[in-house]
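Visitor: Need the 3D shape of this:
(2 chains)
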Amino acid sequence: GNSVTQMEGPVTLSEEAFLTINCTYTATGYPSLFWYVQYPGEGLQLLLKATKADDKGSNKGFEATYRKETTSFHLEKGSVQVSDSAVYFCALSDNNQGGKLIFGQGTELSVKP
Amino acid sequence: GAVVSQHPSRVICKSGTSVKIECRSLDFQATTMFWYRQFPKKSLMLMATSNEGSKATYEQGVEKDKFLINHASLTLSTLTVTSAHPEDSSFYICSVSGQHSNQPQHFGDGTRLSIL
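Guide: Below you'll find the model as predicted:
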């Protein structure tokens, strides 16, 4: 079946450091891929998305490229801020963007001043 | 502005109580809503897909009689945890399928349920 695997956390970085959170997936067909962010005590917010191979999603300085050849969708940011501290979830939807989501296990990011 | 309103945000109640959680789509009519459960420091687990006017589709291992889902209108789905026990304590999150098939889901802010 479809699945999403993320790198384990927690990830602790200093402010302005470079961030990479790895995400790989297993799916039949051509899924849509997402990164969601969850701040403490809150629900999920869509961070970025990509719907086909080689698409690059970007938002708030975060980027991720849909790599079909490596079945990956790694999240990157060039310079993290303390306010980026949160849990990040990689997810896929195997039929359409509004369809059922399968989440990775989440990666907690802590950014220190 | 908010697309999805989930209420209440926090519930603390005694064991044996039934608890109802509401999920409202504020901006558009939603034929499909989803209910997730999240344990501390864990990912989201899809519990069921709520379809307006028909029975919910439950994921494997989720008890239908324990977690009652009603989607009686295009803007409201409810999850009732019946006869809740401490092991039902969790963070429950609903989401609304995008207005169009090429739009992603919108999530509510979640409900923290604590059963004493």
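
Visitor: okay, the helix or strand that contains residue B:80 in CSV with CA atoms only?
Guide: Taking DSSP states H and E as the criterion, residue B:80 maps to strand B:76-81. C-alpha atoms of strand B:76-81 as CSV (Å, rounded to 0.1, in the frame of the first residue of the first chain):
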residue,chain,number,x,y,z
LEU,B,76,-21.3,20.1,9.4
SER,B,77,-19.8,16.8,10.4
THR,B,78,-19.8,15.5,14.0
LEU,B,79,-17.8,12.9,15.7
THR,B,80,-19.2,11.4,18.9
VAL,B,81,-16.9,9.3,21.1
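
Visitor: Quick one: name the residues of chain A near chain B.
Guide: A:32, A:34, A:36, A:41-46, A:49, A:51, A:89, A:93, A:96-106, A:108 (C-beta under 8 Å from any C-beta of the partner chain). The C-beta positions use only the backbone N, C-alpha and C, and glycine is treated the same way.

Visitor: Name the nearest residue to residue 18, ignoring sequence neighbours.
Guide: Just so you know, I chose chain A. residue A:78 (5.9 Å; C-beta to C-beta, 6 or more residues apart in numbering or on different chains).

Visitor: nope, chain B please
Guide: Residue B:18 sits nearest to residue B:82 (C-beta to C-beta, 6+ apart), 4.8 Å away.

Visitor: ok so, going back, mind checking how far the residue nearest to residue A:18 is from chain B?
Guide: 24 Å (C-beta to the nearest C-beta, to the nearest Å).

Visitor: That residue contacts residue A:61, correct?
Guide: Yes: counting by C-beta atoms under 8 Å, residue A:78 does reach residue A:61; the two are 6.7 Å apart.

Visitor: Any regions of chain B where pLDDT drops low?
Guide: Counting by pLDDT under 70, chain B has low-confidence residues at B:1-2, B:99-102.

Visitor: Close to chain A: what parts of it are there?
Guide: B:6, B:32, B:34, B:41-44, B:46, B:49, B:93, B:95, B:97-98, B:100-110, B:112.

Visitor: ok, 6 Å please
Guide: Contact residues (C-beta under 6 Å from any C-beta of the partner chain) of chain B with chain A: B:43-44, B:93, B:97-98, B:101-104, B:107-110.

Visitor: Just the buried ones out of the residues you listed, please.
Guide: B:43, B:44, B:93, B:97, B:98, B:104, B:107, B:108, B:109, B:110 (16 or more other C-beta atoms under 10 Å in any protein chain shown).

Visitor: and those residues, which two are the farthest apart?
Guide: B:43 and B:98 (21.4 Å; C-beta to C-beta).

Visitor: what lines up beside the lowest-mean-pLDDT helix or strand in chain A in the sheet?
Guide: Least confident helix or strand of chain A, by mean pLDDT, DSSP states H and E, is strand A:101-103 with a mean of 89. Take DSSP bridges as the rule and strand A:101-103 pairs in its sheet with strand A:86-93 (antiparallel).
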